[in-house]
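[1] Sharing a model prediction with you, sequence too.
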Amino acid sequence: MSNYPDLAGKNVVVTGASGDIGLAICEKYLEQSTNVFAIYHYDSSGLEKLKTTHPQGEHLHIRQCDIANIAELSRLADELEKQIDAVHVLINNAGIYKDNIFSALTYEEFDQVIKVNLYGTFGMTKKLLPLLRHARNATVVNISSVSGITSSFGQSNYSAAKAGIIGFTRTLASEMAAKGIRVNAVAPGMIESRMVKKVPRQIVRTVMSAIPLKRLGRVDEIANVVAFLSSDASSYIVGQTLVADGGLVMR
């Protein structure tokens, strides 16, 4: 287990915290003795279990918010400003997918994915910017995907959103670096999760055969990359997208 003593005591906000990757990220930051504000939309059961079972569970603060809704984002930001004086780490992890081949893709399917994945990342960062500025050497880590780097059949909406996050990360990093906020992104490949279990087995086998490591990634491996990018161990890394995919899209 990698430990980053510089993270201890810091305030960390994680969106999409109820998903498998989100839960792993929350657990990783609890291990670093941080105060974790876990943002979820629908189901908090996994977070509630983590809070009651983890030795540092009292430092997990669970908050509900639809990050695609500006009014709810404003409410959340107001609540956080009353509770803490700074956000040291923001992890924009929330995301949805609505796969369909382009000829059958609806405007609603495209719109929903863009709103949550891309607009949600923008909105959360925008609303928490004052608290990020109050921190000393704050970091933002945006979760993109290899789907935003290479072609992903049936995911034109998801690919567009995740590619947008990579572009957003670069430009935000260039604007924020001089203000003491480092911004980077992580692009996971296919990870063992509830989401991937919904993918047809033949597709999973095809993807796995193209991965040099010949296996899917684990959620804790993504959480490790995220923690690294938010720690002083990555203090000279700015505006980058770190691909964690077992070698799937390496060139």
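    Arrived safely, thanks for sending. Numbers count the residues shown, from 1 in each chain.
[2] Would you map the strands across the stretch 101-250 of the chain?
    138-143, 181-188, 241-244 (DSSP state E, counting those that start in this stretch).
[3] Can you give the strand pairings for the longest one, parallel or anti for each?
    Going back to what we said before, that points to strand 181-188. Here strand 181-188 has these sheet partners by DSSP bridges: strand 138-143 (parallel), strand 241-244 (parallel).
[4] From the chain's centroid, how far away is the longest one?
    Think strand 138-143. 8 Å (CA atoms, centre = their mean, to the nearest Å).
[5] likewise stretch 198-217?
    Centroid separation for stretch 198-217 versus its chain: 22 Å, with CA atoms, centre = their mean.
[6] what about dumping the CA coordinates of it to PDB?
    This file holds the C-alpha atoms of stretch 198-217, laid out as PDB (Å, rounded to 0.1, in the frame of the first residue of the first chain):
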ATOM      1  CA  LYS A 198     -23.100  -5.200 -17.800                       C
ATOM      2  CA  VAL A 199     -20.900  -5.400 -20.900                       C
ATOM      3  CA  PRO A 200     -21.400  -8.500 -23.000                       C
ATOM      4  CA  ARG A 201     -18.800 -11.200 -22.100                       C
ATOM      5  CA  GLN A 202     -17.700 -11.500 -25.700                       C
ATOM      6  CA  ILE A 203     -16.700  -7.800 -25.800                       C
ATOM      7  CA  VAL A 204     -14.900  -8.200 -22.500                       C
ATOM      8  CA  ARG A 205     -12.900 -11.200 -23.800                       C
ATOM      9  CA  THR A 206     -12.000  -9.300 -27.000                       C
ATOM     10  CA  VAL A 207     -10.700  -6.300 -25.100                       C
ATOM     11  CA  MET A 208      -8.800  -8.500 -22.600                       C
ATOM     12  CA  SER A 209      -7.100 -10.300 -25.400                       C
ATOM     13  CA  ALA A 210      -5.800  -6.900 -26.600                       C
ATOM     14  CA  ILE A 211      -4.400  -5.900 -23.200                       C
ATOM     15  CA  PRO A 212      -0.700  -6.800 -22.900                       C
ATOM     16  CA  LEU A 213      -1.200  -7.700 -19.200                       C
ATOM     17  CA  LYS A 214      -4.100 -10.100 -20.300                       C
ATOM     18  CA  ARG A 215      -6.300  -9.000 -17.500                       C
ATOM     19  CA  LEU A 216      -8.800  -6.200 -16.500                       C
ATOM     20  CA  GLY A 217      -7.700  -3.500 -14.100                       C
END
